[in-house]
Every structure is written in structure tokens, then in C-alpha cells.
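In: Next input, structure requested:
(2 chains)
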Amino acid sequence: MELILALAIGVLTGSGVWLLLRPRTFQVIMGLSLLSYAVNLFIFSMGRLGLAIDKEPVLQPGLPQDLAHYADPMPQALTLTAIVIGFAMTALFLVVLLASRGMAGTDHVDGTKGKDVQEMP
Amino acid sequence: MGAMAGVVLSGNIIQIAFFWELTSLFSFLLIGYWHHRKDARRGARMALTVTGTGGLAMLAGMLVLGHIVGSYDLDHVLAAGRLIQNHPLYLTALVLILLGALTKSAQFPFHFWLPHAMAAPTPVSAYLHSATMVKAGVFLMARLWPALSGTEEWFWLVGGAGLATLLVGGYAAMFQNDLKGLLAYSTISHLGLITLLLGLNSPLAAVAAVFHIMNHATFKASLFMAVGIVDHESGTRDIRRLSGLRRMMPITATLAMVASAAMAGVPLLNGFLSKEMFFAETVYVNTTPMLEWLLPVAATVAGMFSVAYSLRFTVDVFFGPPATDLPRPPHEPPHWMRVPVELLVLACLVVGTLPAWSVGAYLAAAARPVVGGELPTYSLAVWHGFNTPFVMSLVALGGGITLYALLRRQRARGMLDAPPLMHHLSGQRMFEHLLAALTLAGRNGRRLLGTSRLQWQMLWLAAAALVAGTLPLWARGLPIGDRVQLPLSPAFALLWLLGAVCAVAAAWQAKYHRLAALTLLGGSGLCVCLTFLWFSAPDLALTQIVVEIVTTILILLGLRWLPRRDESLRVPTLAEERRTQLRRYRDLALALSAGAGMALLSFAMMSRPFPDSTSTFFLERALTDGGGTNVVNVMLVDFRGFDTFGEIVVLGIVALTVYALLRRFRPAREVMDLPPQQRALPADVDTDLTNPRQTADTAVGYLMVPAVLVRLMLPFATLVAVYLFMRGHNEPGGGFVAGLVFSVALLLQYIVSGTSWVEAHLPLYPRRWIGMGLLTALATGLGALAWGYPFLTSHTAHFALPVVGEIHVASALFFDIGVFTLVVGSTMLILTGIAHQSVRSHRYNNARADDEAAEQAAAATAPTTRGETAWN
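Out: Next up, the predicted model:
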């Protein structure tokens, strides 16, 4: 299971980084989203006793309150914050993208039209 | 003024540097007082550049000095003179501090800024540029005299600069035609004299320096004010035009003559005394024979110069035939304008005749800290007997008068307009060359080392992150731990197979198929959400899925404004294509290594046992201290409440920024037109879409049944939001999720019914929601303060209600209400902000249709007067 999650994080990071390096603003916003998935999963996977199945950190009467019986709540709380901030960041970036597109007349990340050549698909 | 007092009073060398820069800054503002004048602006800029740079050098020097001594306290620094002078860094500190002092005091070769600074109003010049600010440099040298002086380097650097300035300033002053220019150069020359005295490394010379600082301030300030009076009354400061003012303003003339006599060093005035001390010092200094001979000669020559320019000041202006072509007929100024000059001149006289009685005590008090302890014996008398210094004074007086007569004759012949030999060596020109060269170097450096292209920045950023991550792992190794792993579940593997395919496909398609890429991105997001659920994080899964929905709607709204692929561009050549290919391979390699690195890193981390963490604390205290069983939610609203507070503030700021950016948003023209899908309708469909330009918003009368259903759903969605909110503290849920769910419910109304319909029927004020949310959260936090607890401490109360059963109310609940309100407000503000752009484009299209119709009508009536279509 750990291996699969690690590979998933790797694939998300790779796709995200690839898109970050692309010339179009839409590609960059997609890349940032993918990268934030990867980072959120990475933080989330840092629980003290590793990944836990069916051990929600919601206290049940009669269960001892320790990490053997509950998933680690700390990375979860951190990730929750990260998700919301990620949403705010995406929104801000999208609007900056639109404004730059409106002002520069192009969706190239440098804000200049670049060449008069068609780009490769 | 305050800054100046700060420099003088500071007991810490860093503080001195700070006030020092402040004086530079204020002098910049004062020189540029007449900001409409070009010379004032240039003078101000030059003064700031020179003194500011010097000040920075001095700050560096102070830091070195503090490093040597181990303390920035002035007392410690002064006491550690020997330590400083034997330190290998002594020369560095000395040069840096002297750079500051010499630039500020306008010493050679930095003297050029002072004459240009004379563009300032005259009182400012009198105060800043002759009496106080330029003295700051001299003051600093005097202040640090015990710590830094006494070495060969000090003698050569300070003494050399002083001597050069003394001669250059005096020489240039003789040839000035502007009264203030003359005074400026004479100030430079006198500052050089003081610097030279300080550089002589003898305590007696230091006392003479302090004495001359006082005397110079007195007579130079009075001269400046006299010039101000002349300028004010006659309208010009040009020596060549002024003449015979003695008859028109006799009192001012007398005052100015006495003051300039003090400047020239005429006996019975204060200037004579300190000049006499100066001559004595140059005579009795002990160095190499060559210098022993050179210094007195140089001093006498400088004395001659000063007599000559003082004569020029008095004789040319106040004597001779009365000037006739002045801009204004001069006469005596009002009495109050003269009072300061009178007082200062009186001081000159009193000090000059009764030195020991008048200033003896002040001088002793001022000079003692400079020499650091014991004062040398000196005598403040007018008459010391017929000795070498007195002879030098006589020679200077006689020589000065002769020199003046010579120059006057030359000038009468029209041969002297600029100082000979000087205009080749214009400091200003050098300064401007230097500045231009620096600007050019900076620009070249930026072009060479920097880039404004985001792609390159991203490339470097990613590469740097990769290197920074790899290096320590390379050095220390990345061992895989032996923690027991969870058994592999095929369903999970399949889930992430899908997720990975989605992610890679999204990366592949994001360029030309934006909608497809967005869908695929959503697929990956869903996988992330399921992973959270799988590994016991229901809160995360809930938040993730709602955020996913909102983000998708957001980007969908934005898609409409992105440009289409431009098919009209030319096809790239083979070489260009190959270059692109290479670039892509490079990026692919970087992306692959980043991905592989992250996978390896997370796997290594997940395979190792973790040291103890604070998580147990939260598990144990969530119910007892936080009053909730959902530990994650309790952490968010209670333990880490302050963090969450910061987060919602960020969210609110982002929403307002988005709102502000979109108010000024002007989309590109080609996307303003209706999308082709909306235009291309089959002829037999009967909706108002057939004439899309007439529609006000999303088509009216369209999607009627879904609209009703969605409207019916609003109460239910609200109920779900309330449910999620209420159970948040004990079960998965909470303010964030509830807020997002409620926003999605509202957004559905927008999507199906159209923006204007919703806003007509359900007015929302997202900005008020944001404000209310923030205030509620803040009030909850402050409430804790009112009961004497730290900010955001929560409290829980339990009630038993008859039907509902036991209910518990934590103060964190109110905090969560704040979070909920703010999240709803922010989300709605962001999304409706973008949605309104579509409404605007409809309006634009309607206006354009109207324009076209009007144009056609105009063309029909008067075919010859076809105008251009109004675009805006």
C-alpha cells in the first residue's frame, strides 16, 4: 500500500512539474493543482504510525486514546488547512491569468506573444 | 534637526550611522525644495547619492569596528583605541568610515556635491551646508579621534584629503561669480582645514580643529545670511553685477565685512585665533623634512587664498560705483531679518577680542572628549608675540591682497571667467560618468544574470529544489526502513492506476484540450479524495471533494476567456521543431527525476518508524480540553485556532483581491463575441438563443425543469450544510465543509437560473459575509481575553434540552460560525466575480448590436457619411 501511495505521489509530482515548465498559463494552473495534490498526500502520509485503515480520529467511548487505535490527527489537520489555502491560491492565480490574458493579449506565461510560429501539438 | 541632534547624542555607533543617513535624506528633501528647478533636483540627487553612498560605507565601517571591539557602544569603542589600531582589519574600518566622513564633509575628491547643493533656499544652505550637516563628517572624525587617530594611515588619508581640499576649495572659491558658490567653496576649504588639523595626529591640533569648527560655524552662517539678504533685496547673487551696495545697505555691508574679515583671519576676530593655531600646528608638526617645509607653505598659500576670496566678497559687492542694472533697487532689509546676522557677528567680535573669557570654558568642554581625557596646554590669547605663525599670518594677508589685486586686473581684462586648470577636472562630470557607467553595468548584469521569463525561472526553481533535495540525501544516503507495511489491496492499486493515468493524461492534454484536461484533473482529485477516505481521514475527504467541485466550477468559468488556438500562424521550420523537441526532453527529464525523487522520498519516509510526536497529546486532550470527539476539527478550531484564524484571513484577502482585480478586468476582444456553440443553432429550434445577442443572460426559458428542481434543492442543501456544521465538533464535518456545501448550493442556482435571476431573487452580499465572518471569529477570540484567558481559548458548556437531549455548546462553535460565514462569502465573491464577466460581455454584445443597427440606419439615410464603429 505504501509503495502505491509513494508511486502515486511521484506521478502527480512529475506531471505537475512538467506542466509547470510549459509555456501556457492554463498548463501552469493545472500543474500547480497536480503538484498541490502531491504535496497534500505527502504531508498526509507522514502520520506517526504510518497509514491507518478504519481508525478515524473520532474518539469512540471505551477505546484507549492513543495512536495505536486512532490515525494520527496532526497531518490531517495540516492537510485540511493546505487544501483550503490551495483553493484560494488557484482562484487567485486564475484571476491573475485572466487579467494577464486580457492585458497582454496572449496566454503565454511571459505575457509576450513570443514567436509568430505555430507550436507543436 | 532631530537627526542631527541624534548623530551628536548617540552613544552607539550603529545609531550614529542611522541618524547619519537620516540627515542625508532630509538634506536631499531640502535641497530639492524648489522641485520645479532642474538644478535643484540634480543637486539634490547628487548630494543624496554621494552622501548616501558614503553613509552606507560608513555603516559597513561601523560594523567592522564593532566586530573588532566586540561592542557597538561608543564608550567601549573609544576606550579600545590601541586594540583597534593593531587589528588587521583596522585599515578596512578606517577607509570605510573615512569614506562616510569625507563625503559628508565634502572633502576632496568628493567636494563637488556641495556647490550644487547650494540650489537650496539660503537659510537651508546656511544651516545645513555650512554650519551643521557638513560638519557632521568632521564631527565624526573628531568623535572617533581617540579610537582611530595616531597612525600613519590616519595621517596620510585624513591629512592628505584635508590639505587637498583646503587648497582646491580656496583656489576655486576665488573664481566664483555666484556669492553662494563662493561661500560653498570657501566652506569646503575651511572643512579641509579642520580635516587637516584632525589629521595631524596631535592633541593640540585637535583642539584647534574643535575651535575652528565653532568659529567657522559663526562667521560662515552670518555670511550666508548676509548673502540671503543681498539676494532678497537686490534680486541677484552675481558678483559681477553687484557693486557699491555699501551706500544702499550700510549696516548689512558692515556686518558682512566684519564676518568676511573673520573668514580671512584678520586679527581681533575669531577666525584669526584658530587660523593662528592652525599655522602654529603646521610649523611645529614633526614628520619628514619635506613635509615640515611643505605644510607651512601650503598653509600660508591657503591663507592667501582665503584673504583673496574674502576681499572679492566684500570689495566687489559692497564697494565701487553703485550698481545700476539690478533687478530690484536694494535697500536695508527689515530689522528682524538682520538680527541673526548681528548676533553672530557680535559673537565673532567678542571671541576675537576676549577669547579666554568668552569661549575658553566651552572649548575645553568640547575638546576634552575629542582628545580623550587630558587636554593639552594651550593659550587662547590674541597676542602671542612676534613668532612664526604671526609672520605667516602677515604674509598671508599681504599675499592675499596682492593676489586679489592681480586677479582683479586680469578679470577686468576679461581673461578670467572660470578657474584655470579646474574645468578639466569637473567633479560633476566625473560623477555623472560614473553614474552612467554604473547604470549600464547594472543593466548588463541584469540582462546577463536575470530573466523576466517565467519558464526559465520555473526551470531554475525546479532544478534548484531538486538539487537541494538530492544533495543531503546523496551525502547521507536514504535508507529504507523496516516498518510493517499494510497488506496490498488490489482495489487501491487499481484506483491509483486510474489516478496516475488521469494525471499524466491531464499533463499531456492541458495545452489544446483544456476541458478534457480539467476533467482528467478532476479524476485525479477524486482519487486523492478516495485515498483520504481509505486511510481514515473522513474530514479531509469531505473537504477535498467539495473543494474539487468549487475549483472545477471556477476554472470552467475562466475557460471562456482563454484564447483559441491560432491556426493562421506559419508552420515551424524543421530546426525550430528540433529545438522545441530538445527543450521538451530536458523538461521531461527534470519532471521525471522530480517525480522519482518524490516517490522515493515518500516511500522511504513511510517505511521508517517515526520518533515520538505531539499527536498523542491532541488525542488525549481533545475531549477533556477541547470538548469534541472529532480530533481533527477540535485541533482546527481550538488547539490550532490561531492558525485557522490566519487562514480565513488569507481566504478573505484572496477573495477581495480577486474582486478588485476583476473590477478592472478587460477581456481580450476576440473572446468577447458569443462562443460559436451558442451562435450555431439549427434553424428549427425555437428558443431565444436564435437571436443570442438579444439575451440578457443565460438563456431565459431554457432548462426550465432542472431550474425548478435545483431551486427545490436549495433548502435541502442548506439543511445538509447545517447538519455538517452542527456535527462538526464530534463527527466529520465543520465550518469549512459546511460553508463550501452551502456555496455549491447557491452556485447551482447561478448555473441553472442565470446570474441576473439569482441576484434579483436572492440578493447576497458576499463582502458583508466576509466581514461578518472575520468579525465573529475575532470576537470569539477576544471573548477569551475578556475572561482573562489567552486569545482564542475555548470554553464548553453542556445543556440538557427537553426534546433534543443533551446539547453542548463550545465557544469554538462561534469561531466555526465565523469560519463558515467567511468561507461562504469568499467563495461566492470569487465565483460570482468571474461569472459577472459573462454578464458584462452580453452587455457589450448588446451595445455592439445596437451600434450596428444604428450604423445601418445611418447608412440607409445618408450613405456617404459612414463612420467608424465605436469600440470601447
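
In: Could you use CA atoms for every contact and neighbour count after this?
Out: Will do.

In: For chain A, see how far away B:D566 is.
Out: 7 Å (CA to the nearest CA, to the nearest Å).

In: residues making contact with stretch B:621-629?
Out: By CA atoms under 8 Å, 6 or more residues apart in numbering or on different chains, the surrounding residues in contact with stretch B:621-629 are A:58-60, B:630-631, B:634-635, B:638-639, B:729-731, B:794-796, B:810.

In: For the stretch 1-150 of chain B, give me the ranges with low pLDDT.
Out: Counting by pLDDT under 70, the stretch 1-150 of chain B shows low-confidence ranges at B:1-3, B:119, B:123, B:125-131.

In: wait, does the lowest-mean-pLDDT helix or strand in chain A make contact with chain B?
Out: Here the helix or strand of chain A ranked lowest by mean pLDDT, DSSP states H and E is helix A:73-104, holding a mean of 86. Yes - contact of helix A:73-104 with chain B (CA under 8 Å from any CA of the partner chain) involves A:73-74, A:76-77, A:79-81, A:83-85, A:87-92, A:94-96, A:98-99, A:101-103.

In: That helix packs against which elements?
Out: Counting contacts by 3 or more CA pairs under 8 Å, 6 or more residues apart in numbering or on different chains; DSSP states H and E, helix A:73-104 is packed against helix A:25-44, helix B:538-559, helix B:615-621, helix B:631-634, helix B:641-663.

In: Could you check how far the longest one is from the centre of its chain?
Out: Relative to the mean C-alpha coordinate of its chain, helix B:641-663 is positioned 25 Å out (CA atoms, centre = their mean, to the nearest Å).

In: swap in the second one?
Out: Relative to the centre of its chain, helix B:538-559 is centred 39 Å away, using CA atoms, centre = their mean.

In: Report the angle between it and helix A:73-104.
Out: When axes from the mean of the first three to the mean of the last three CA atoms, to 10 degrees is applied, the directions of helix B:538-559 and helix A:73-104 differ by 0 degrees.

In: If you count contacts, what does helix B:538-559 end up packed against?
Out: Using 3+ CA pairs under 8 Å, 6+ apart: helix B:538-559 touches helix A:73-104, helix B:514-534, helix B:735-753, helix B:811-861.

In: ok, then the element right after it?
Out: Where DSSP states H and E defines the elements, the next helix or strand beyond helix B:538-559 is helix B:574-606.

In: Mind listing what's buried along that next one?
Out: B:587-588, B:590-606 (16 or more other CA atoms under 10 Å in any protein chain shown).

In: is any part of it close to chain A?
Out: Yes - contact of helix B:574-606 with chain A (CA under 8 Å from any CA) involves B:577, B:587-588, B:590-600, B:602-603, B:605-606.

In: For that helix, give the mean pLDDT please.
Out: Per-region confidence: helix B:574-606 scores 89 on mean pLDDT.

In: From the chain's centroid, how far away is that helix?
Out: 39 Å.

In: what's the angle between it and helix A:25-44?
Out: Using the same axes, to 10 degrees: helix B:574-606 against helix A:25-44 is 20 degrees.

In: what's the helix or strand for the nearest residue to B:F791 once chain neighbours are set aside?
Out: In space, and not counting its chain neighbours, B:F791 is closest to B:G781: 5.1 Å by CA to CA, 6 or more residues apart in numbering or on different chains. B:G781 belongs to helix B:766-786 when assigned by DSSP H and E.

In: tilt between that helix and helix B:641-663?
Out: 160 degrees.
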